[in-house]
Each structure stands twice: as C-alpha cells, then as structure tokens.
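Novice: From the sequence below, what's the structure:
(one chain, ligands or ions: 3)
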Amino acid sequence: MWRRVALFSPMMKKSSSSRSLTLNQKGFGLKVGESFATEIINPEEGVSPPKEKAPFITFVLGGPGSGKGTQCERIVETFGLTHLSAGDLLRREIAFNTKNGAMILNLIKEGKIVPSEVTVKLIQKELESSDSRKFLIDGFPRTEENRVAFERIIRADPDVVLFFDCPEEEMVKRVLNRNQGRVDDNITTMKKRLKIFEALNRPVIDYYENKGKLYTINAVGTVDDIFQQVLPIFSSFEQLKECRHVNPKSPLGSSLVENSS
Ligand SMILES: Nc1ncnc2c1ncn2[C@@H]1O[C@H](COP(=O)(O)OP(=O)(O)OP(=O)(O)O)[C@@H](O)[C@H]1O
Ligand SMILES: Nc1ccn([C@H]2C[C@H](O)[C@@H](COP(=O)(O)O)O2)c(=O)n1
Ligand SMILES: [Mg+2]
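Specialist: Numbers count the residues shown, from 1 in each chain. Ligands and ions are numbered 1, 2, ... in the order given. Reported below is the predicted structural model:
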C-alpha cells in the first residue's frame, strides 16, 4: 500500500504529468509538499523522488442490465478496487433531495442522460475524498460529452475500459426481473434507455477501441462464466497485485499478495 509521507521540502520537483498532479495533490486532499511515496525523501541529498503514480482507473461500460454492477462486485472482492457507480451517485442525489435531485429524477425516469458537469462533479468528490488508488467507474462515460468533461475536470484517462456486450432481449429480461424498485426498470423507460445507449454510448466504445484500451466481454452466461473473462484482464496489471481485499474463495486465491501495511 502507498504510504503518505511528508516531504522535507515543498520545493520538490513536481511531476510533469498534469494527471498525477491533479489527482495526487489536489484530488487526494494532499497539501503542498505532501505526496504519495514509498520512503522518506530528502531532495537536498540529491536523491530524485520516485515518480508519482497516478491512480488506476477503469471505466465500466455496457447497456442497461448488461451486468456491469454485478461484475463490479466480483472485481472489488478479488482486486480491491473502489467501486463508483455513476447511476448510484445520481440516485443518491435524488434520495437526499439535493438541489439537482428533482432534475435528475426526471431525466432518469425518461431514460435520459444527466448533464455531464453534474455527474463528473459527483465522481470528482468521491475520487478526492478516497484514499484508494484504484477505481472502477461504473456506467461512465455514457456519452462523448461525459468523456470530454471527465478529461477536462479530472484530467485523467482510464487505464482499462471494460465493455459488457449483451444482446438487447437479454438486457430487457434482466432489467424487468431486477426487482430493486428502480424508477427506470420498466419496459417504456428501458426502450428509451436502449435507444440512448446505441446512439450515445457506442461512439464512446468506438473511441476507446481505437485507443486500444477497450476489453470487450461477452456478457451472456452465468455471472461466474463472465467473471472468468474479466479475471485475466485485471491479473495482468502489476498495480492490482497488491490487493487488500483478497477473497479466499476467489479463483486467484492466495496468488494475490495480501497487503499488510
Ligand atoms: N450473467 C447474468 N445472468 C443472469 N442475470 C444476471 C447476470 N448478471 C447480472 N444479472 C442480473 O441482471 C440484473 C441487471 O444486472 P446489473 O444490475 O448488474 O446490470 P447493470 O449493467 O449494472 O444495469 P444498469 O445499467 O441498469 O445499472 C440484476 O438483477 C442482476 O442480478
Ligand atoms: N454517466 C451517467 C450514468 C447514469 N446516468 C443516468 C441515466 C441512466 O439511465 C441512469 C441509471 O444509471 P445506471 O445505474 O444504469 O448506470 O442514470 C447518467 O445520466 N449519466
Ligand atoms: Mg448498474
């Protein structure tokens, strides 16, 4: 685990990456001169500080009911990423009746997309208040506008983009059987959500495919079958091997190093 240490001097050379500056210092609530590092560093001794690592970010995409939330739970259990569901953050605004709550409710009932500024600010708050260094951002970006707003406000790019590819009739079946009391789990809203997914989310999927960041997963089958496709994607990233939440039942089991610090 990364330890927070105070640097001896705030004169320490800043990383040239705006991504790591934004997220490590402002984003993670660090004061000037504070950073993530593995040891105490005295720049006056001429030792160059270790390069700051930006947090590991995964975007989780897929149509309504494709199983994003379900697979995120499995990923969290196995790899210890912090799960941020854009839909859950928006529903929390409705539940707490915040100034945007009524507007969000109306859009969600219609299967429409909430203005990016609102959603990205909610995600930003979560990123900034978390001590985690690895995030699963579920149901985001839903549109090109979402994607561009994230880049502008958070100044970060995802390391991995998962796309759960599921046929429409399967998604409809799952949503209508979900039984969680969601206002958008009805056939009328579902039809609108599917149209919006095709029109607005596809371009985002294509964008990450062209960037070589997209991992497409066949989202038909049992939850376990689908997770078997997800496992090797995350297993290949060094940053995720230091896992704090090892699930003893996980297929990776003890091959993940439990973090004791
Ligand atoms: N592989 C699967 N087979 C059958 N049912 C599944 C599978 N994965 C998830 N489900 C069920 O389908 C429903 C939708 O799954 P989930 O909530 O994970 O989808 P989602 O992609 O997060 O949807 P949304 O975008 O609407 O939030 C849930 O009731 C879930 O239990
Ligand atoms: N980036 C996002 C994510 C979600 N919403 C709205 C519109 C969705 O239909 C609804 C539910 O999201 P889900 O739980 O299915 O991920 O929330 C949005 O406007 N922008
Ligand atoms: Mg979901």
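
Novice: how about the residue in the stretch 51-200 of the chain that ligand 3 sits nearest to, what does it touch?
Specialist: Closest to ligand 3 within the stretch 51-200 of the chain is residue 69: 3.4 Å, counting by Cβ to the ion. Glycine gets a C-beta too; all of them are placed from N, C-alpha and C. Contacts for residue 69 (Cβ atoms under 8 Å, 6 or more residues apart in numbering) come out as 85, 138.

Novice: That one belongs to a helix, doesn't it?
Specialist: Yes: per DSSP: H, G, I helix; E, B strand; the rest coil, residue 69 lies within a helix segment.

Novice: pLDDT score assigned to it?
Specialist: Among the per-residue scores, residue 69 holds a pLDDT of 98.

Novice: likewise residue 241?
Specialist: 74.

Novice: which residues touch the residue nearest the centre of the chain?
Specialist: Central residue of the chain (Cα atoms, centre = their mean): residue 137, 1.8 Å from the mean position. The contact partners of residue 137, taken as Cβ under 8 Å, 6+ apart, are 57-60, 84, 86, 123, 158.

Novice: Could you check which helix or strand contains it?
Specialist: Following DSSP states H and E, one finds residue 137 within strand 134-138.

Novice: Neighbour count and secondary structure for the contacts of residue 137 - can I get that in a markdown table?
Specialist: Conversion of the contacts of residue 137 to a markdown table gives the following (neighbours: other Cβ atoms under 10 Å; DSSP: H, G, I helix; E, B strand; the rest coil):
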| residue | neighbour count | secondary structure |
| --- | --- | --- |
| 57 | 23 | strand |
| 58 | 25 | strand |
| 59 | 26 | strand |
| 60 | 27 | strand |
| 84 | 23 | strand |
| 86 | 23 | helix |
| 123 | 22 | helix |
| 158 | 21 | coil |
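
Novice: ok so, going back, how much space between the residue nearest to the centre of the chain and residue 227?
Specialist: 19 Å (Cβ to Cβ, to the nearest Å).

Novice: Tell me the gap between the strand holding residue 137 and the middle of its chain.
Specialist: Relative to the centre of its chain, strand 134-138 is centred 2 Å away, using Cα atoms, centre = their mean, to the nearest Å.

Novice: Mind checking what helix or strand follows that strand in sequence?
Specialist: helix 144-154.

Novice: mean confidence for that next one?
Specialist: Computed over helix 144-154, the average pLDDT equals 98.

Novice: How about stretch 89-108?
Specialist: 98.

Novice: From one end of it to the other, what's the distance?
Specialist: By Cα to Cα, to the nearest Å, the extent of stretch 89-108 from end to end equals 12 Å.

Novice: just stretch 148-160 next, same as before
Specialist: Termini of stretch 148-160 sit 17 Å apart (Cα to Cα).

Novice: So for the helix or strand that contains residue 170, what gets flagged as buried?
Specialist: Assessed by DSSP H and E, residue 170 sits inside helix 168-176. Neighbour-count burial for helix 168-176 flags 168, 171-172, 174-175 (criterion: 16 or more other Cβ atoms under 10 Å).

Novice: Let's have these in JSON lines, adding pLDDT and distance to ligand 1.
Specialist: Listed next are those as JSON lines, based on pLDDT from 0 to 100; distance: Cβ to the nearest ligand atom, whole Å:
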{"residue": "168", "pLDDT": "98", "distance to ligand 1": "13"}
{"residue": "171", "pLDDT": "98", "distance to ligand 1": "8"}
{"residue": "172", "pLDDT": "98", "distance to ligand 1": "11"}
{"residue": "174", "pLDDT": "98", "distance to ligand 1": "3"}
{"residue": "175", "pLDDT": "98", "distance to ligand 1": "6"}
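
Novice: Return the closest of those with respect to ligand 2.
Specialist: residue 175 (8.9 Å; Cβ to the nearest ligand atom).

Novice: Spatially nearest residue to the closest one, not counting backbone neighbours?
Specialist: Nearest non-adjacent residue to residue 175, counting by Cβ to Cβ, 6 or more residues apart in numbering: residue 65, 3.8 Å away.
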